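**Q** Sequence and predicted structure are below.
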Amino acid sequence: MFIDTHVHLQEKALRVDVDKVIARAREAGVELMVCVGYDYASSVEAVALADRYKDIYATVGVHPHDASTLTPQLLESLYELARKPRVVAIGEIGLDYYRDLSLRDEQRRAFIEQIKMAHELGKPVVIHDRDAHQEVLDIVRQEKAGKNGGIMHCYSGHLPLAIDFMKEDFYISFAGPLTFKNSKKSHEVAARIPLDRVLIETDCPYLTPEPHRGKRNEPALVTLVGAKLAEIRNKPVEEIAYLTSRNARQVYRIKD
C-alpha cells in the first residue's frame, strides 16, 4: 500500500470527479493521501476533504507565489485552521525564485512566519523550493525549520544539498519527474540517499509520470513513482511501498 504525500485534490481539474479519483487511488493500492494547501481558500478546501474522506489528511499554508497575501489577519486564520485534528503539517511554504510572483522579501517573510507557526503548533513543514536552493537551506538552518520534521516537496536539487536538508531532519520527496528519462540529477539523489528519508508523491494534477505524461495526474499514479524508485534502488516494489509509507506516517505523525 502506498501513501501519496502531496496531492491537490481541491484543484478544479480533480474536484470535478473527486469521488472517482479517490476510488481509483484505492484500487491502485494507495491507502492515504495528503491534500496540500497553497493559499487560505485551498487550505480550507483541503481540510474539508480530509473531514469528508477517511483516507485523506490535510496541510495548510501559503505558497510563495501568494506570499504577499499573508497579512497578520490571514496568518491568524491559518493558525485556527491548522489546529483542526486532520491537519498534519504546515505547507506548502517556501521560496520560488523562478516565477517571482511575489517580491522576494515578501516570500522570505511569509516563509519564516509560517515556520514559526509550525513550531508553535508542533507540526512539520512542507517546503516548495524552486531556484532558491541555498537561501531555502539558509532559512531552514536559521529558523530550525526541521525541529518537528519536514519535507522537501518534489525535490529538484543535487545530492549534496539533499544531504544538507537531511541533516536538518528533512525527508526528500520524489514526484513524477523521477520517471522522466532526462531527470539524471533526481535519479542520482534517489539512488544514493538513505531509504528511511525518502517519500513519494504525485503533486497531482501536475507533473504526471511516464507513460502518462501530458495527461491529468492523479493519486493512483503515485504507484509509477514508487515503481521507478524500486527500479533505481533494485528493490521490490512492495518494499518501496512499505518503506515510503512508513516514512510518511513518521513525518506526518499519522497513527491510524
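**A** Here it is on my side, so go on. Residues are numbered from 1 along each chain as shown.
**Q** Give me the contact list for stretch 216-231.
**A** 2, 4, 7, 9, 13-14, 21-22, 24-25, 27-30, 33, 174-176, 178-179, 190, 198, 200-210, 212, 236-237, 239-241, 244 (Cβ atoms under 8 Å, 6 or more residues apart in numbering). No exception for glycine: its C-beta is placed from N, CA and C like everyone else's.
**Q** Where do the strands of the stretch 51-200 of the chain begin and end?
**A** 56-60, 87-96, 125-130, 150-152, 170-174, 198-200 (DSSP state E, counting those that start in this stretch).
**Q** Next one: the residue nearest to Asp66 when sequence neighbours are not counted from Tyr252, what distance?
**A** By the measure of Cβ to Cβ, 6 or more residues apart in numbering, the closest residue to Asp66 outside its immediate chain neighbours is Asp39, 4.7 Å from it. Using Cβ to Cβ, to the nearest Å, Asp39 is found at 21 Å from Tyr252.
**Q** can you check Thr59 too?
**A** Applying Cβ to Cβ, the value for Thr59 to Tyr252 is 9 Å.
**Q** any chance of the strands of the stretch 51-200 of the chain in TSV, plus distance to Ala220?
**A** Shown next, in TSV, are the strands of the stretch 51-200 of the chain (distance: least, Cβ to Cβ, whole Å):
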stretch	distance to Ala220
strand 56-60	14
strand 87-96	21
strand 125-130	21
strand 150-152	21
strand 170-174	17
strand 198-200	13
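**Q** Format those as CSV; extra columns: distance to Tyr79 and mean neighbour count.
**A** Putting these into CSV (distance: least, Cβ to Cβ, whole Å; neighbours: other Cβ atoms under 10 Å) gives the following:
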stretch, distance to Tyr79, mean neighbour count
strand 56-60, 9, 28
strand 87-96, 10, 26
strand 125-130, 14, 26
strand 150-152, 19, 28
strand 170-174, 23, 26
strand 198-200, 26, 26
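**Q** Arg24 - how many residues pack around it?
**A** A total of 15 residues lie near Arg24 under the criterion other Cβ atoms under 10 Å.
**Q** The host helix or strand of Leu229: how far from the chain's middle?
**A** Applying DSSP states H and E as the criterion places Leu229 in helix 222-233. Relative to the chain's own centre, helix 222-233 is displaced by 17 Å; criterion: Cα atoms, centre = their mean, to the nearest Å.
**Q** Compare neighbour counts for Asp39 and Tyr252 and give me the winner.
**A** A direct count of neighbours by other Cβ under 10 Å for Asp39 and Tyr252 places Tyr252 higher, at 23 against 18.
**Q** Enumerate every residue touching the closest residue to that one other than its chain neighbours.
**A** Leaving aside its sequence neighbours, Tyr252 sits nearest to Val88 (Cβ to Cβ, 6+ apart; 4.2 Å). For Val88, the contact set (Cβ under 8 Å, 6+ apart) comprises 34, 57-59, 123-124, 252-254.
**Q** quick revisit: Ile163 is nearest to which of the strands of the stretch 51-200 of the chain?
**A** Using Cβ to Cβ as the measure, strand 170-174 is the one of the strands of the stretch 51-200 of the chain that comes nearest Ile163, at 9.5 Å.
**Q** Please put the alpha-carbon coordinates of the closest one into CSV.
**A** Output of strand 170-174 as CSV, limited to C-alpha atoms (Å, rounded to 0.1, in the frame of the first residue of the first chain):
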residue,chain,number,x,y,z
PHE,A,170,14.0,16.7,6.4
TYR,A,171,12.7,13.9,4.2
ILE,A,172,13.3,14.1,0.4
SER,A,173,10.1,13.6,-1.7
PHE,A,174,10.1,12.5,-5.3
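**Q** tell me what that strand is packed against?
**A** Applying 3 or more Cβ pairs under 8 Å, 6 or more residues apart in numbering; DSSP states H and E, one finds that strand 170-174 contacts strand 150-152, helix 159-167, helix 184-192, strand 198-200.
**Q** With that, I have no additional questions.
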